[in-house]
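Trainee: one predicted model, sequence on top.
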Amino acid sequence: MSRVMQLTLFLVLVQIWLFCILCQFFQYDSVVGKILITVESLSTTSSQTPQEQFRQDSQSASIRICMSIGRTVIHVPCAQRFVRAFHATRVPYGSPLKVKLDLLQKTQTLVKRTEKENGKQRDIARREARKARKYGYSIKKANEILKGRHKITNLDKSIKVGPTSDDDTSILSVANDKRLMYTILGISRPQLKNSILVERDVAKFCKRGQLQKALFLIKLAGPNGAAGMNTLMTHYLEVEKDSHSAVDLYSWRKKWQIPPNEYTETNLFKGLARLPEPISVKVAERVVKIVLKLVEDERLNNINFNAALSALANSNDPSYLFKCFDLRPKGIKKDAIAYTQLLIGCAKITDAVEAIQRADDIMNSADPKVIDSQMFFHYLNVWHSRRDLRFSNCVLPLLDIFYDFKVPNVRFKKEIPEFVKLPALKNWNIKSKMRLTPHVAHLLMENCFKTGQYEYGIAFFEHYLGKRPNLFNNRTINAALNLIIKADPENCGERCYELLRKMMDDGMLREPLQHVVLTYKAFERQATKKLNNSDPVKATELVKSCLALMKDNEAKTSIQNDEYKSYLSWKPWMFLLRIVMSCKDALPLTFKKTIIDEFITTMLCDPVMLLKQRGSTRESMRFVYLEAVRFIKSLESSLNLTDEELKEVQAEAEDSNSLLKRKFLFRRHLIRLRKRILEVVDNLEHDRDSNSPEIEKLFRQYCETILDTNIDDFSPT
């Protein structure tokens, strides 16, 4: 058979196949008749020429398709059937409806879903279940689970589920359902794959104080909780001030499969270095072990190494600091920061000779290129921190060697022991002296206070106050005030007040209140001297100056009877009443009345005075009230009347306005005021308020009577 005939036969078979598909598509099951397909035999051998044979084969290969529908015969051309097949061919899969009808016809049973539909439904359910496992339950569903599995009832009263609740934390330790954990923590599984979102949620938990929830979230996140673990560790160091818990978190990372990142060790060491209390010996040992592990893993760099040294410098045992320094591998450089931390550790060595010798060795072994002003400062601090004043006396001569400063008209005492040889700048090839810094200025003044060279420290402060005001910070100003208090106790209050007022006028005080409180203490010290508390003029001027300072810095304003009234808050009275009680015997009667008027104004205007307080505030306010009672008692004794004078008062008419009558009434009002204050003290001790309307009304009446009383004509006693 020739290839042309084979191709023709193949096309005929394709047409027959397409026609069968067409019949199935139109469901010709009810067609009566049959399809007759006649394919005439094709001769395989012939003597005709190829052209004649091809023509004959084409005619003999023609297909006659007869469809008998009833008695009607329809002839459909092959080309038309072939074209229609592309438009009418159905998908060779039965529709669900046809399958259901077939089953109904065969089994006389109506099914709701076919097997294929059931499979699709199961696939959808599996996908929805997998998707739901990524998210937490609703609050209602979580409550049902808690009631069913954990036997917890009355959820509205006892436990509230959610990320902001503190009542459901205990459930996390016993729950195995991750979806329940997601509900309690307020997260989902996709969020656990994002380390940034985990860190933000941990920060929120730390801010609310929910540290246990933060830890559970980190454990659920696994490797994605590295940044969150750093945040929790930093919270323990900066907020909780708990070094042991922070180091424990670092150690438990391996157990929880949370690897450290490049910031972990640095954050841990810096947090330990900034703790207000020194770290314990156990924590120092663990820090050394962490550094050793970093060296073994070849992960130690200069930043981590210096941070570890700063953490160990915050320990009272400096041996761990030097042990860690000896672990330094070859790739880590000994820079100025490392030497500075070693000098800080030297200052904590108790033995003076050992501390200074080790500090000298450190300075001599350091590269002159890395030596700076800060290293000299810590080197001087090693000398200054000695209990033996023979070594502390060497600080001012060393300052004169290392730094460029000069105080005119005043010289410090050079008391250098014979066994001490001070170093020189040429030992480090340094040609010129260094410039003073605020830290060095504060060290100079602290050393003057320690060694008793008060006038030199005061002269230094006053000289550079106008020349270099940026040299002094709050600590240095406090040191100057302490020097004045120590150097001149008889006039320290007034001198501190003048210095403070000058700096206020120049705008140098950023936080003036702490300096003001120190000036109060200076006035209190000055008031204890007999030279001041026995002279009426000096005592009055002293109290007036202190009162003026208090009004300038701590006065408040309130509205009384539609008028603005200025008054002192209750806290300055802790100092003012001490000063007044020291000078009570020398103060004139009229000035005592002025003090009482100020105190009454504070009680009437400051609402805190009559409210219950707790803690240190209650103790401070109780002290103020009792001191006021003592002062009022002293004022009462100044107004005592003799028996004869009392008889004269009794004999006078009720509307009499004599001097004795006014003095008697004024004293009686003071007694009532004193008793009222004692009632307030009793309420304060028993945690009760003293601002009931009836009592306050009576109290205000005789307080206003005292304020309106003029005692200028009362004779002092």
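Mentor: Received it, and whenever you're ready, just let me know what you need.
Trainee: only C-alpha atoms for contact and neighbour calcs from this point on.
Mentor: Fine.
Trainee: so what's the backbone phi/psi at L443?
Mentor: When read as degrees, to the nearest 10, the backbone of L443 gives phi -60, psi -40.
Trainee: kindly export stretch 352-371 (C-alpha atoms) in CSV.
Mentor: C-alpha atoms of stretch 352-371 as CSV (Å, rounded to 0.1, in the frame of the first residue of the first chain):
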residue,chain,number,x,y,z
ALA,A,352,47.0,50.8,97.7
VAL,A,353,50.5,49.7,96.7
GLU,A,354,49.2,46.9,94.5
ALA,A,355,46.7,49.1,92.8
ILE,A,356,49.2,51.9,91.9
GLN,A,357,51.8,49.4,90.8
ARG,A,358,49.4,47.7,88.5
ALA,A,359,48.2,51.0,87.1
ASP,A,360,51.8,52.1,86.5
ASP,A,361,52.4,48.8,84.6
ILE,A,362,49.3,49.3,82.5
MET,A,363,50.3,52.9,81.6
ASN,A,364,53.9,51.8,80.8
SER,A,365,52.8,48.9,78.6
ALA,A,366,50.3,51.0,76.6
ASP,A,367,51.3,52.3,73.2
PRO,A,368,51.9,56.1,73.5
LYS,A,369,49.6,56.6,70.4
VAL,A,370,46.6,55.3,72.3
ILE,A,371,47.1,57.3,75.5
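Trainee: pull the residues that contact that stretch.
Mentor: Identification of contacts with stretch 352-371 by CA atoms under 8 Å, 6 or more residues apart in numbering yields 335-336, 339, 342-343, 346-349, 379, 382-383, 386-388, 428-430.
Trainee: what subset of those is buried?
Mentor: Buried by 16 or more other CA atoms under 10 Å: A336, Y339, L342, L343, C346, A347, K348, I349, Y379, V382, W383, R386, out of the contacts of stretch 352-371.
Trainee: of all the residues you listed, which two lie farthest apart?
Mentor: The largest separation in the buried ones among the contacts of stretch 352-371, counting by CA to CA, is between A336 and R386 at 23.6 Å.
Trainee: in helices, which of the contacts of stretch 352-371 fall?
Mentor: Counting by DSSP state H, the contacts of stretch 352-371 place A336, Y339, L342, L343, C346, Y379, V382, W383 in helices.
Trainee: spit out the contact partners of the fifth one.
Mentor: Read that as C346. P318, A355, I356, R358, A359, V382.
Trainee: same list (the residues you listed) but as a markdown table, adding pLDDT, distance to G186 and secondary structure.
Mentor: What follows is these, written out as a markdown table (pLDDT from 0 to 100; distance: CA to CA, whole Å; DSSP: H, G, I helix; E, B strand; the rest coil):
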| residue | pLDDT | distance to G186 | secondary structure |
| --- | --- | --- | --- |
| P318 | 94 | 46 | coil |
| A355 | 95 | 55 | helix |
| I356 | 95 | 58 | helix |
| R358 | 95 | 56 | helix |
| A359 | 95 | 55 | helix |
| V382 | 96 | 53 | helix |
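Trainee: avg pLDDT for the helix or strand harbouring S545?
Mentor: Take DSSP states H and E as the rule and S545 turns out to sit in helix 536-554. Helix 536-554 comes out with an average pLDDT of 93.
Trainee: do stretch 599-612 as well
Mentor: For stretch 599-612, mean pLDDT is 82.
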